[in-house]
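just the structure for this:
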Amino acid sequence: MNINIPVLCSVTLSACYLLVANTLYAAPLTLEERVALLENNLSSNMKELDATKAQLKKYESLMPPLEVISANPATPEKVDSASSMTLADISKYVKDDIGFNYSGYFRSGYAVGNRGSAKSYAIGSLGRFGQENSSWYDLEFSQRVYRDGNKMAKAVVMLDGNVDGQYSAGWFDSTSDNLLQFSDIYLTTRGFLPFAPEADFWVGKHTLPKFEIQMLDFKYHKSDSAAGIGLENWQLGPGKVNVALVREDLDAHAVDSSVSQTQQINTNTLDARYTAIPLWDRATLDLFGRYSAANKTDLNKHNENNGTYYSVKDAWHAGARLTQNWQNGGFTYVTAQMANNSIASGMGLVTDSSALYGYNGQYYGEHTNGTAWRFLSEGENYLLPNVIMAHALVYAAGNDIYDYYTGAHTDFNSVRAVVRPAYIWDTFNQTGVELGWFDQRNKAGGETYHESGLKTTLFHTFKVGTSMLTSRPEIRFFATYLKTFDNEITQFTFNDDKKDQFTVGAQAEVWW
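Got it, this is the predicted structure:
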């Protein structure tokens with residue numbers, strides 16, 4: 001914000017003139033007396049303005065450069081003087097001084113099918129693009145509550161949920177798809193640990209960042225948390241240490257499925273990662289693993305031993321992720337992972353293939369230490385300056401796992417492939433197609449169950465950048481054809497018991 005001294009002087013003189021003129025005309029003076037009084041006041045005001053002007057210049061010359069916090073804390077912006085500050089500089093300075101931040105995400109849209117309302121099918125296998133039929137949101141509020149030197153403390157609250165895309169009423173309740181929950185409520189600090197002053201140390205309802213395959217909308221590494229304690233971004237050697245101990249209680253179901261009873265089992269998970277290990281140019285390696293264990297009461301053990309409830313088994317999960325950023329833009333993730341028991345069960349799902357200890361907070365089935373493993377790849381590449389393609393590829397297999405559809409002692413293998421090429425008209429427009437296909441076979445009890453499907457989505461998007469996976473906001477116009485060939489695993493059908501569906505629609509997605 002530049003201080004314009006001549007303009008300031010002019011405004012001040014005008015104000016003084018109006019004040020003096022008003023005083024003169026209100027008093028019963030002669031014209032000569034009024035002119036003399038005006039000249040005296042003008043002379044006095046000019047002397048005061050000259051003195052103020054000189055004082056301002058003196059303060060400006062003595063004022064040290066102001067430091068304004070930039071988006072990257074490692075590279076603060078230097079402002080030479082108050083007179084050279086812009087409105088953006090002042091905004092950043094005030095925001096940092098207040099210490100409050102509001103960020104979020106949501107997606108919402110409209111779609112209609114050729115037979116009634118649009119239905120989603122096997123998003124975790126065919127991809128989310130062009131078949132998301134609800135509105136999801138995340139809202140995060142954070143307030144810095146302390147800062148002194150290198151010490152900082154910040155309170156964070158995050159809400160997330162879903163808004164039903166069917167009815168106009170959006171009241172939150174337990175019987176509809178209108179959902180709201182507290183996903184985070186914790187205090188994070190920095191500078192309080194002498195051995196790791198640069199690390200983030202937190203306590204509360206929180207967990208380490210999730211690893212997600214965005215195009216298929218599932219988390220291939222995540223620890224659900226009701227409460228916990230964690231340390232993130234501790235620089236140790238070439239990489240960073242991230243570790244958390246979190247609680248996630250599960251409702252174990254009765255063995256007799258006709259009895260709608262559960263018993264609460266306290267479980268705890270140790271999640272440890274060593275991330276951002278530099279390899280070669282623009283390449284890093286992340287190592288991750290976790291162990292989830294049940295902490296049972298005597299009553300829990302009794303109910304399991306007498307066969308009333310499923311026995312909650314410990315489970316482990318480990319993997320590695322290679323990240324390669326390309327010189328011309330774009331990136332590729334390649335991940336290998338392996339798990340056992342209930343975490344392995346999640347990896348075998350056709351629908352949501354997240355590697356979680358429970359299934360939406362529930363625990364089903366007798367697990368017999370079966371294992372599953374998979375390779376995943378996701379990324380985007382600029383094939384030509386005006387052609388971009390995103391992809392998600394998964395190959396998974398398992399042995400002797402409990403499957404939520406085909407039951408205990410299931411062996412499975414599956415292949416999933418989604419590609420999304422597009423032509424880049426300019427920074428704000430892309431036209432393309434997304435093609436998805438999967439094939440999965442489960443073997444259990446001497447039977448083989450087969451399921452396969454495809455998706456074709458034609459689209460045009462309004463964007464604010466050329467990246468498919470990292471630039472938002474985005475508005476999509478799409479036409480999607482979905483087809484299930486065999487549905488022996490999930491028994492899924494579209495409206496009117498059909499095996500295919502055609503939909504058209506539009507969707508907005510934004511984060512800030």
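
now do the contacts for residue 439.
When contacts are counted by CB atoms under 8 Å, 6 or more residues apart in numbering, residue 439 is found next to 414-415, 450-452. Every C-beta, even on glycine, is put in place using the N, C-alpha and C of the backbone.

for whichever strand or helix holds it, which strands pair with it and how are they oriented?
Using DSSP states H and E, residue 439 sits in strand 429-444. Listed by DSSP bridges, the sheet partners of strand 429-444 and their directions read strand 407-426 (antiparallel), strand 447-462 (antiparallel).

what would these look like in CSV with distance to residue 357 and mean pLDDT?
CSV is the format used below for the strands paired with strand 429-444 (distance: least, CB to CB, whole Å; pLDDT from 0 to 100):
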stretch, distance to residue 357, mean pLDDT
strand 407-426, 18, 98
strand 447-462, 25, 98
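
now those in JSON lines, with distance to residue 301?
Output for these, formatted as JSON lines (distance: least, CB to CB, whole Å):
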{"stretch": "strand 407-426", "distance to residue 301": "21"}
{"stretch": "strand 447-462", "distance to residue 301": "34"}
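
just give me the neighbour total for residue 301.
The local packing count at residue 301 equals 12, with neighbours defined by other CB atoms under 10 Å.

buried set for the helix or strand it falls within?
Taking DSSP H and E as the criterion, residue 301 maps to helix 298-305. In terms of neighbour count (16 or more other CB atoms under 10 Å), helix 298-305 has its buried residues at 300, 303-304.

with stretch 159-175 instead?
By neighbour count on 16+ other CB under 10 Å, the buried set for stretch 159-175 is 159-165.

quick one: mean pLDDT over it.
When the per-residue pLDDT values of stretch 159-175 are averaged, the result is 87.

re earlier: just the mean pLDDT for the strand holding residue 439, thanks.
Looking at strand 429-444 alone, the average pLDDT works out to 98.

likewise stretch 99-106?
Model confidence over stretch 99-106, given as mean pLDDT, is 96.

need the contact partners of that stretch.
Counting by CB under 8 Å, 6+ apart, the neighbours of stretch 99-106 from elsewhere in the structure are 95, 135-145, 147, 154, 509-512.

same thing with stretch 235-243?
196, 198-199, 208-209, 230-234, 270-278, 285.

what residue ranges in the stretch 151-300 of the chain score low on pLDDT?
Low-confidence segments of the stretch 151-300 of the chain (pLDDT under 70): none present.

nope, the stretch 1-150 of the chain is what I was after
Where the stretch 1-150 of the chain drops to pLDDT under 70, the residues are 1-36, 38, 52-53, 55-83.

can you pull out the strands in it?
In the stretch 1-150 of the chain, the strands defined using DSSP state E, counting those that start in this stretch lie at 66-68, 77-79, 100-113, 135-148.

how about these, which one is nearest residue 459?
For these, distance to residue 459 was read as CB to CB. The smallest value, 11.9 Å, belongs to strand 100-113.

so how far is that closest one off the chain centroid?
Relative to its parent chain, strand 100-113 has a centroid offset of 12 Å by CA atoms, centre = their mean, to the nearest Å.

ok, stretch 411-428 next?
20 Å.

and it, what's buried?
Neighbour-count burial for stretch 411-428 flags 411-422, 424 (criterion: 16+ other CB under 10 Å).

what's stretch 289-296 in contact with?
Stretch 289-296 is contacted by residues 221, 223, 248, 265-273, 300, 304, 312-319, 343, 357 when judged by CB under 8 Å, 6+ apart.

show me what residue 394 bridges to in the sheet.
With DSSP bridges as the criterion, residue 394 is bridged to residue 376, residue 416.

for residue 433, same thing?
Residue 433 has these beta-bridge partners by DSSP bridges: residue 458.

surely it meets residue 457?
Yes. Residue 433 is in contact with residue 457 according to CB atoms under 8 Å; the separation is 6.6 Å.

same drill for those two, tell me which one is more crowded.
Counted by other CB under 10 Å, residue 433 and residue 457 do not tie: residue 457 has more neighbours, with 23 against 15.

quickly note the distance from that one to residue 298.
Counting by CB to CB, to the nearest Å, the gap between residue 457 and residue 298 amounts to 54 Å.

kindly report the same for residue 425.
From residue 425 over to residue 298 the distance is 67 Å, taken as CB to CB.

which helix or strand contains residue 232?
Applying DSSP H and E, one finds residue 232 within strand 227-236.

neighbours of the closest residue to residue 167 other than its chain neighbours, how many?
Here the nearest residue to residue 167 in space, its sequence neighbours aside, is residue 176; by CB to CB, 6 or more residues apart in numbering that works out to 7.8 Å. The local packing of residue 176 (other CB under 10 Å) involves 15 other residues.

residues contacting residue 475?
If you count contacts by CB under 8 Å, 6+ apart, then residue 475 has 461-462, 506-508 around it.

could you do residue 44 as well?
Contact criterion CB under 8 Å, 6+ apart gives no residues in contact with residue 44.

and stretch 219-229, what's buried?
Taking 16+ other CB under 10 Å as the basis for neighbour counts, the residues of stretch 219-229 that come out buried are 219-225, 227-228.

restricted to strands, list those.
For those, membership in strands holds for 219-221, 227-228, with DSSP state E as the criterion.

need the max-distance pair from the buried residues of stretch 219-229.
Taking CB to CB, no two of those sit farther apart than 220 and 227, at 23.7 Å.

buried only: go through the contacts of stretch 235-243 for me.
When burial is judged by neighbour count using 16+ other CB under 10 Å, the buried members of the contacts of stretch 235-243 are 196, 199, 208, 230-232, 234, 271-275, 277, 285.

may I see those residues organised as JSON lines, with distance to residue 86 and secondary structure added?
Rendered in JSON lines, the data for the buried ones among the contacts of stretch 235-243 read as follows (distance: CB to CB, whole Å; DSSP: H, G, I helix; E, B strand; the rest coil):
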{"residue": "196", "distance to residue 86": "36", "secondary structure": "coil"}
{"residue": "199", "distance to residue 86": "34", "secondary structure": "coil"}
{"residue": "208", "distance to residue 86": "38", "secondary structure": "coil"}
{"residue": "230", "distance to residue 86": "38", "secondary structure": "strand"}
{"residue": "231", "distance to residue 86": "38", "secondary structure": "strand"}
{"residue": "232", "distance to residue 86": "34", "secondary structure": "strand"}
{"residue": "234", "distance to residue 86": "37", "secondary structure": "strand"}
{"residue": "271", "distance to residue 86": "43", "secondary structure": "strand"}
{"residue": "272", "distance to residue 86": "45", "secondary structure": "strand"}
{"residue": "273", "distance to residue 86": "40", "secondary structure": "strand"}
{"residue": "274", "distance to residue 86": "42", "secondary structure": "strand"}
{"residue": "275", "distance to residue 86": "36", "secondary structure": "strand"}
{"residue": "277", "distance to residue 86": "40", "secondary structure": "strand"}
{"residue": "285", "distance to residue 86": "41", "secondary structure": "strand"}
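
so how far is residue 408 from residue 316?
Using CB to CB, one gets 19 Å for the distance from residue 316 to residue 408.

let me fix that: residue 249
For residue 249, the distance to residue 408 under the criterion CB to CB works out to 24 Å.

which residue ranges of the stretch 201-350 of the chain form helices?
If you assign secondary structure with DSSP state H, counting those that start in this stretch, the helices in the stretch 201-350 of the chain sit at 298-305, 341-347.

rewinding a little: measure the residue nearest to residue 167 to residue 165 for me?
The value you get for residue 176 to residue 165, if CB to CB is used, is 11 Å.

residue 214 and residue 376 touch, don't they?
No. Look at residue 214 against residue 376 with CB under 8 Å: they stay out of range, at 11.4 Å.

overlap of the contact sets of these two?
Here residue 214 and residue 376 share the contacting residues residue 392, scored by CB under 8 Å, 6+ apart.

pick out whichever of those two has more residues nearby.
Higher neighbour count among residue 214 and residue 376: residue 376, with 23 against 16, using other CB under 10 Å.
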